[in-house]
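S.K.: sequence plus predicted model, see below.
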Amino acid sequence: MKCIVTGGNIKVLGRAVHSLSRIGDELYLEPTESGLSLRAVNSSRSAFASFLFAPLFFQLYEPGGRQPDRELVRCKVLMKSFLGIFRSLPSLEKTVGKCLILLKPRANRLVVQLHCKYGVTKTHNLAFQECELLQAVFDTQRCASSLCAPAQLLAEAVVHFPQTLAEVTLGAGPGGKISLRNYVEDEAVPSKTMVTELRLADDEFQTVSVTPGSRITFCLKEFRGLLTFAEASNLPLTIHYDAPGRPVVFTLEDTVLEVHLVLATLSDPESDLQPPTANGVSHVPAPSDDFADDLESYMIAMETSAYEDSPSGVPPSPTFPLHTPRPAESDPEEEEEEGAVPGTPPHKKFRSLFFGSVLTPGGPSPAPTQEVLAEDSDGEN
């Protein structure tokens, strides 16, 4: 794989890396005929982000794999190492005129060269590890509610929340007003809790198609990262969501760029509301426990053989079923949530969107179970 980025697109690439750094500690690179895909997923598998840069984004783009002895290589590198190359965005804009990204599979090296002014060339050799295809499966057309607003509007709204706030609740109130409110735990004392809520009229949005009374709660840190990129790129942000407990999808689209951010949402076991979907299919009732039983139907790791099965060499269009029955036999230990980590929800009401690792082409081996380091206390279910 070989690609060259020039001009202002270098800073756009840097912003994308900064946004992905808020998601996970590893950066997945995947060159395809449709463009270069940069992806990240957090350790608790509750957040996934994907940036797809079309070939027109680059001055030169060669994904590789066209010759019989050359195959498309999917790899991952440490986010910290890749982020260090694009750490200073103002410096990139002022001094760097061309960026060369070269993938050397035989040497297991990802080479990034920055051609700066006065003939200075900075070369970074990063060790990478080959990996399977990492892809979120979803279908925004089947979501019950959707919003489209300028990124600046949402950025000015979330600036009123403290940086330490973990979750925010997006709701559709009476009269078509959209509200953003900091999430408050049920056990919190009302007299000792500060609540911040902003209400936006529907005419401030470009499009509004929401279910009255619907609301979702998601993590704010990852959302801020996408807003920063969208605001700097002057792109409108579209939000697709369903009932509480089902993933929310944020999308940005341009002629040379396609961005998706998928976040887990907090389930609401006390709500029996079943909003209709856009295609008329009803959702299954919300489970009585804290998590949706079929979240694995929304976020999965696709098999590597997906490329081999596709005649064009490109994975099929992402879709997710609204109701996928849960397997009859399952190990309860496989569905234990991982411990909370920085940047992810600090409590157990958010569930992992990925389960185990992807399958290898050699055979359908089950995902390995994860060791439970700490069992739930008597007060938790």
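M.R.: Cool, the structure landed.
S.K.: every contact and neighbour count from this point should use C-alpha atoms.
M.R.: OK.
S.K.: so what's the residue count around the closest residue to residue 32 other than its chain neighbours?
M.R.: Leaving aside its sequence neighbours, residue 32 sits nearest to residue 63 (CA to CA, 6 or more residues apart in numbering; 5.8 Å). Other residues near residue 63 come to 22 when the count uses other CA atoms under 10 Å.
S.K.: I'd say residue 63 and residue 2 touch.
M.R.: Yes. Using CA atoms under 8 Å, residue 63 is in contact with residue 2, at 6.4 Å.
S.K.: could you pull out the helices in the stretch 151-300 of the chain for me?
M.R.: Ranges of helices within the stretch 151-300 of the chain are 151-158, 220-233, based on DSSP state H, counting those that start in this stretch.
S.K.: which of those helices sits most buried?
M.R.: helix 220-233 (a mean of 20; mean count of other CA atoms under 10 Å).
S.K.: what's the angle from that helix to helix 151-158?
M.R.: Interaxial angle, helix 220-233 versus helix 151-158 (axes from the mean of the first three to the mean of the last three CA atoms, to 10 degrees): 140 degrees.
S.K.: what residues does helix 220-233 touch?
M.R.: For helix 220-233, the surrounding residues in contact (CA atoms under 8 Å, 6 or more residues apart in numbering) are 12, 15-16, 18-20, 22-23, 47, 150-152, 154-155, 158, 165-168, 236-237, 252, 261, 343.
S.K.: rounded mean pLDDT for that helix, please.
M.R.: Helix 220-233 shows a mean pLDDT of 92.
S.K.: break this structure into its domains for me.
M.R.: Per the record, the chain has its domains at 2-130, 140-297, by automatic domain parsing.
S.K.: least reliable of those domains going by mean pLDDT?
M.R.: Among the domains of the chain, domain 140-297 scores lowest, at a mean of 79.
S.K.: look at residue 241 and say how many residues are nearby.
M.R.: For residue 241, using other CA under 10 Å, the count is 25.
S.K.: can you redo the helices of the stretch 151-300 of the chain as JSON lines with distance to residue 87?
M.R.: Below are these laid out as JSON lines (distance: least, CA to CA, whole Å):
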{"stretch": "helix 151-158", "distance to residue 87": "22"}
{"stretch": "helix 220-233", "distance to residue 87": "15"}
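S.K.: residue 6 is nearest to which of these?
M.R.: If you check each of the helices of the stretch 151-300 of the chain against residue 6 by CA to CA, helix 220-233 wins as the nearest, at 16.3 Å.
S.K.: CA atoms of that closest one as CSV?
M.R.: Included here for helix 220-233 are C-alpha records, laid out as CSV according to Å, rounded to 0.1, in the frame of the first residue of the first chain:
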residue,chain,number,x,y,z
LEU,A,220,-19.6,12.2,26.0
LYS,A,221,-15.9,11.8,25.5
GLU,A,222,-16.0,10.0,22.2
PHE,A,223,-18.8,12.3,21.0
ARG,A,224,-16.7,15.4,21.7
GLY,A,225,-13.9,14.0,19.6
LEU,A,226,-16.1,13.6,16.6
LEU,A,227,-17.6,17.0,17.1
THR,A,228,-14.2,18.6,17.0
PHE,A,229,-13.4,16.9,13.7
ALA,A,230,-16.8,17.8,12.2
GLU,A,231,-16.7,21.4,13.3
ALA,A,232,-13.2,21.9,11.9
SER,A,233,-14.3,20.2,8.6
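S.K.: what about stretch 91-107, how long is it end to end?
M.R.: The first residue of stretch 91-107 is 30 Å away from its last residue (CA to CA, to the nearest Å).
S.K.: out of the helices of the stretch 151-300 of the chain, which is closest to residue 129?
M.R.: Distance to residue 129, taken as CA to CA, is lowest for helix 220-233 among the helices of the stretch 151-300 of the chain, at 25.1 Å.
S.K.: ok so, going back, out of the helices of the stretch 151-300 of the chain, nearest to residue 248?
M.R.: Nearest to residue 248 among these is helix 220-233 (10.8 Å), distances taken as CA to CA.
S.K.: surely residue 115 and residue 93 touch.
M.R.: No. In terms of CA under 8 Å, residue 115 does not count as a neighbour of residue 93; the distance is 11.8 Å.
S.K.: identify the bridge partners of the nearest residue to residue 130 once chain neighbours are set aside.
M.R.: What sits nearest to residue 130 in space, not counting adjacent residues and going by CA to CA, 6+ apart, is residue 75, at 4.2 Å. Beta bridges link residue 75 to residue 29, residue 130, judged by DSSP bridges.
S.K.: strands of the stretch 1-150 of the chain, start to end?
M.R.: 2-6, 26-32, 35-41, 47-53, 60-62, 75-78, 96-104, 109-116, 121-127, 129-130, 145-150 (DSSP state E, counting those that start in this stretch).
S.K.: neighbouring strands - and their directions - for the longest one?
M.R.: Taking DSSP bridges as the criterion, strand 96-104 pairs within the sheet with strand 2-6 (antiparallel), strand 109-116 (antiparallel).
S.K.: thinking again about what came up before, so which of the helices of the stretch 151-300 of the chain gets nearest residue 31?
M.R.: When the helices of the stretch 151-300 of the chain are compared for distance to residue 31 using CA to CA, the nearest one is helix 220-233, at 21.8 Å.
S.K.: give me the angle between that closest one and strand 145-150.
M.R.: Using the same axes, to 10 degrees: helix 220-233 against strand 145-150 is 50 degrees.
S.K.: ok so, going back, give me the neighbour count for the residue nearest to residue 130.
M.R.: Count around residue 75 with other CA under 10 Å applied: 21.
S.K.: check contacts around it.
M.R.: 28-30, 128-132.
S.K.: tell me the buried residues in stretch 47-66?
M.R.: Buried residues in stretch 47-66, defined by neighbour count with 16 or more other CA atoms under 10 Å: 47-55, 57-58, 61-65.
S.K.: same thing with stretch 116-130?
M.R.: 116, 124, 127-128.
S.K.: dump those residues to JSON lines, plus distance to residue 40.
M.R.: As requested, those are exported to JSON lines (distance: CA to CA, whole Å):
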{"residue": "116", "distance to residue 40": "28"}
{"residue": "124", "distance to residue 40": "21"}
{"residue": "127", "distance to residue 40": "17"}
{"residue": "128", "distance to residue 40": "15"}
